[in-house]
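Participant: whatever this is, show me its structure:
(one chain, ligands or ions: 1)
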Amino acid sequence: MNNFSKLGLSAGVVEVLDQMGFENPTPVQQQAIPMLLENNPTDFIGLAQTGTGKTAAFGLPLIELIDVDNRATQALIMAPTRELGQQTAAQLKEFTKNNKKLNVEVVYGGANISNQIKALKKPTQIIVATPGRLLDLIKRKAVSLTNVKYVVLDEADEMLNMGFKEDIDDILSHTLEDRVTWLFSATMPKEIRRIIKKYMDAPLEVAINAEQKSNTDITHQYVVTKGSNKVSALRRFMDLQPEMRAILFCRTKRETQQIADDLGNLGYGVEALHGDLSQAQRDAVMKRFKTRAMQMLVATDVAARGIDVNDLTHVMHHQLPDQLESYTHRSGRTGRAGKKGISLAFINPREGRRITELEKRIKVTFQKVEVPSFEELKASRISNWANLILNTEVDEQANEILYSLHGKFAHLSENDLLKRLITTQLDNLLIQGGNEGDLNELQGGRNRDSDNGNRRDRRDRGERRESNFDGGGNNRYFINIGTIDGMTIPDFVHYVSDTAGIKRGDVGDISMQKTSTFFDVDSDAAKGFEEKFSGLEIEGRSIRVNRDDEGPKRSSRGGNGGGSSYKGGGRKRSGGRGDSRGPKRDYRGSRGGSSRGGRR
Ligand code: AMP
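Facilitator: Residues are numbered from 1 along each chain as shown. As a prediction, the model looks like this:
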């Protein structure tokens, strides 16, 4: 038996719910539906956020209470955004699909008003509307609210946040004195209390404890990292969890676009959603996100309002919102429909107090988590790569290519070949950046002692930085080798580290140009560095290395004098200018012609 039948709904409606796969009412539906049906007419407050099933909680009683033989508009549902309005109308239309006499229309701004006026000429018992457009339609006499008995203010706190306060007052003044008001809101700020006092009479109330819901379905986490390292830290989380589907919230449109561009240029499936995009562009972005053509949406709070995506694994906060209440709206986008989700905030060391404040305000407990280390990232990438190899079906072309290469690898043992393949993967990691070292910071204002402990523990466990490029203790050099020599960044790292007898991790921040390259060497490893290159030649040209502390730095996008173009293709192993087929070692300039040979 469908459990909705116990709530006082008619058989026809329960049948439709059954067809839609709605079998068990959610807590807000369980409480609100009988309450609204039995106490009709009554004012009502539902404290519940999106994802709790609130649309059906008011929508189902509404369609039961509407007089379908009366052609006048009897119910008005106000929504803050076009997206929410459309979703609500779509659900109501689905609920009433077997009832041809009941008509639901949705009107919103940013769309052709004449089409909406035309649609409203049909008898429309339920109108779903955004406030601005509704007022416009009232002024044009396309809508009459004089018979409206039910007004639903959906996501009332959002409507106020978006500045619809006066519009709501104005609209309500066009409705009957004895209409009832059902108000849904995720939070209860002062302004909402004012609306309740002004327009409602002894309202019944259902509170779906958002905090409890958050506690069970959403895990709240934060990491402490420098503002300038937030995107790098984010990448590590994304890299370690390729199945992640997320929204990253940012505070400004510019930052939203910048982060989406930076990540996109690094090859991540990420797009921006903000108010500077046209509606058509926004729709296209949402379509790509919903069809999983991309993994992460970078959005402002305003742009993300009302978007309906139920299966997010993560909500991330590039910064915490200015108004802490918005945190509830943001995080409530994950952990929906019974699924678990993570809400992860990137905070800088001075923002610890805001986490404590949030914990008090919305009564959740935050877990402090660490930005994954480069070591973890490396292990995960190599493991993913190994799995990819295991799961790859051999392409027919591979046979031909192998045949054409016949003998090329014959002198290598299987083990040696594998090690070289793994090394190329490690090279790729280096090229893609992400080896900035430990991205965790000590936190001010909260748990300082335990943070110190964490940091000390890491050091005590002997975890070392993968790279020394954390901003200090490096010498910058110039060398007269560049892309013209067929050199790639990994080639370069190998070449420099092998020639100078230093570790690969000691070479970094490489800015490669056509005929020259600037790079950093850890100052501890740089003793006698320049001399190691003296007397070496490349293509008959003497290699020259100098200190150049002013030399250009790698671009912030993680590329290096070629950025992501080094990523996939064109990994030329050149024997010198113009020869892209030479064995890898050949470019290594020869010290009097003698230094060719394997890297160790
Ligand atoms: P809402 O909070 O109204 O935005 O609903 C969130 C999502 O849950 C919507 O996609 C609904 O279609 C779905 N939903 C609501 N109630 C139920 C239910 N009782 N059973 C299954 N799905 C539901």
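Participant: what's the span of stretch 29-47, first residue to last?
Facilitator: Here the two ends of stretch 29-47 are set 12 Å apart, with distance taken as C-alpha to C-alpha, to the nearest Å.
Participant: what's in contact with it?
Facilitator: 4, 7-9, 25, 28, 53-54, 56-58, 60-61, 64-65, 149, 178, 180-186, 188, 196, 199-208, 210 (C-beta atoms under 8 Å, 6 or more residues apart in numbering). From N, CA and C alone the C-beta is placed, and that goes for glycine too.
Participant: check stretch 123-131 too.
Facilitator: Residues outside stretch 123-131 that contact it (C-beta under 8 Å, 6+ apart) are 62-63, 66-68, 70-82, 85, 88-89, 92, 102-109, 120, 134, 137, 143, 159, 164, 167-168, 171.
Participant: for that stretch, what is the average pLDDT?
Facilitator: Mean per-residue pLDDT for stretch 123-131: 97.
Participant: residue ranges with poor pLDDT in this protein?
Facilitator: Scanning the chain for pLDDT under 70 picks out the ranges 209-216, 306, 337, 431-435, 443-472, 553-600.
Participant: show me which residues of it sit near the ligand.
Facilitator: Contacts of the chain with the ligand, taken as C-beta under 6 Å from any ligand atom, map to 22, 24-26, 29, 50-56, 310, 337.
Participant: and this structure, what are its domains?
Facilitator: Following automatic domain parsing, one gets these domains for the chain: 3-208, 212-374, 467-566.
Participant: now the ones you listed as CSV including mean neighbour count?
Facilitator: CSV is the format used below for the domains of the chain (neighbours: other C-beta atoms under 10 Å):
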stretch, mean neighbour count
domain 3-208, 19
domain 212-374, 19
domain 467-566, 18
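Participant: how far does the one helix or strand residue 114 maps to sit from the chain's center?
Facilitator: For residue 114, the element it lies in under DSSP states H and E is helix 113-119. In terms of C-alpha atoms, centre = their mean, to the nearest Å, the gap separating the centre of helix 113-119 from the centre of its chain is 36 Å.
Participant: before we move on, what about stretch 279-299?
Facilitator: 11 Å.
Participant: now stretch 96-104
Facilitator: Centre-to-centre, stretch 96-104 and its host chain are 38 Å apart (C-alpha atoms, centre = their mean).
Participant: and the end-to-end length of stretch 181-190?
Facilitator: With C-alpha to C-alpha as the measure, stretch 181-190 spans 18 Å from end to end.
Participant: what do you get for stretch 169-182?
Facilitator: For stretch 169-182, the first-to-last residue distance is 15 Å (C-alpha to C-alpha).
Participant: so what touches that stretch?
Facilitator: Applying C-beta under 8 Å, 6+ apart, the external contacts of stretch 169-182 come out as 36, 41-46, 58, 76, 78, 131, 134-135, 138, 145-153, 199-200, 203.
Participant: and which of the residues of the chain next to the ligand is nearest residue 436?
Facilitator: Distances from residue 436 to the residues of the chain next to the ligand, taken as C-beta to C-beta, are shortest for residue 310 (34.8 Å).
Participant: which of the residues of the chain next to the ligand fall in helices?
Facilitator: When DSSP state H defines the helices, the subset of the residues of the chain next to the ligand inside them is 29, 54-56.
Participant: pick out the most distant pair among the residues you listed.
Facilitator: Checking these with C-beta to C-beta, the most distant pair is 29 and 55, at 9.5 Å.
Participant: quick one: common contacting residues for the two?
Facilitator: Joint contacts of residue 29 and residue 55 (C-beta under 8 Å, 6+ apart) do not exist.
Participant: so where do the strands sit in the stretch 251-400 of the chain?
Facilitator: 270-273, 296-300, 314-317, 341-347, 366-368 (DSSP state E, counting those that start in this stretch).
Participant: likewise for the stretch 401-550 of the chain?
Facilitator: When assigned using DSSP E, counting those that start in this stretch, the strands of the stretch 401-550 of the chain occupy the ranges 474-479, 507-512, 517-522, 536-538, 541-542, 545-547.
Participant: which residues are contacting the helix holding residue 114?
Facilitator: Helix 113-119 is contacted by residues 105, 107, 133, 136-137, 140, 142 when judged by C-beta under 8 Å, 6+ apart.
Participant: same deal with stretch 226-244?
Facilitator: By C-beta under 8 Å, 6+ apart, stretch 226-244 touches 223, 225, 246, 248, 259, 262-263, 266, 268, 295-296, 313-314, 316, 318, 344, 346, 348-349, 371-372, 374, 376-377, 380-381, 384, 433-434, 436, 439, 441.
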